[in-house]
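1. A predicted structure for the sequence below; I have some questions about it.
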Amino acid sequence: MSEGNYIEPKPGDLIEISRLGYQHWAIYVGSGYVIHMAPSDDLGQASASSLMSVVSEKAVVKKELLWSITGDDVCRVNNKYDRKYRPLPASQIVQEAESLLGKELRYSVASENCEHFVTRLRYGTARSDQVRDTLVAGTVGLVGVGVVAALATVISSLLLPSKREEK
């Protein structure tokens with residue numbers, strides 16, 4: 001876990017692992033272990049830090065030591081929906097997570113990613129702010145590009161002499 005505001009994880013806690021450009025999510029199950037979605041073995045043992053969504057439509061549920069999947073990445077307890085949803089009992093979260101070990105699940109960055117997986121375990125409902133935030137950022141980016149293009153057209157029309165003036 002990151003050293004800043006260290007919070008000792010408890011079974012059932014959501015663990016957010018900051019990767020380059022996205023977050024990987026796991027559920028803490030105790031004794032230093034987490035359960036998470038990882039790329040299927042048929043991807044040549046790709047690490048969990050790879051952008052699984054780019055290369056796979058399937059993931060396998062694995063139990064691993066937290067430190068073995070974080071590497072040098074920063075991680076923290078982030079039970080971010082506790083105010084909106086009531087967490088299920090920790091024993092139920094851990095039992096459900098362990099019942100899924102070794103299972104291959106459908107993976108979709110938009111609807112069935114690692115954040116959806118852990119929030120469904122903790123709250124009984126699947127949520128992913130990463131998807132929403134990416135869609136919003138993409139929309140804002142497209143709008144921004146459109147505005148810049150429109151401004152460039154207006155500015156160039158004001159600064160460049162018109163064809164009538166050239167004659």
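-> It's in. It should be emphasised that the depicted structure is a prediction, and the values quoted were computed from it without experimental measurement. Residues are numbered from 1 along each chain as shown.

2. E16 is in contact with R76, isn't it?
-> Yes. The pair E16 / R76 is scored as a contact, 5.6 Å apart, by CB atoms under 8 Å. C-beta here means a position set from N, CA and C on the backbone, and glycine is covered the same way.

3. domain map for this structure?
-> Annotated domains of the chain cover 14-127, 134-166 [automatic domain parsing].

4. in terms of mean pLDDT, which of those ranks lowest?
-> Comparing mean pLDDT over these, the weakest stretch is domain 134-166, at a mean of 53.

5. break down the chain into its strands, ranges please.
-> Counting by DSSP state E, the chain has strands at residues 14-19, 22-30, 33-39, 58-65, 75-77, 104-106.

6. out of the ones you listed, which is closest to L121?
-> Proximity to L121 (CB to CB) singles out strand 22-30 among the strands of the chain, at 5.3 Å.

7. buried residues in the closest one?
-> Using 16 or more other CB atoms under 10 Å as the test for burial, strand 22-30 gives 22-29.

8. next one: S128, what pLDDT does it get?
-> At S128, pLDDT is 92.

9. now do the contacts for it.
-> Neighbour list for S128: 113, 115-116, 119 [criterion: CB atoms under 8 Å, 6 or more residues apart in numbering].

10. and the nearest residue to R127 once chain neighbours are set aside, what is it in contact with?
-> With sequence-adjacent residues excluded and distances taken as CB to CB, 6 or more residues apart in numbering, R127 is closest to T119, at 4.5 Å. Applying CB under 8 Å, 6+ apart, we find T119 in contact with 14, 25, 81, 125-128.

11. top of these by neighbour count?
-> In terms of neighbours by other CB atoms under 10 Å, these top out with L14 at 25 neighbours.

12. which residues touch it?
-> 25-28, 77-80, 118-119, 122.

13. mind doing that once more with 10 Å?
-> 25-28, 34, 76-82, 87, 93, 115, 118-119, 121-123 (CB atoms under 10 Å, 6 or more residues apart in numbering).

14. now S31
-> Shown in contact with S31 (CB under 10 Å, 6+ apart): 11, 65-66.

15. thanks a lot, catch you later.
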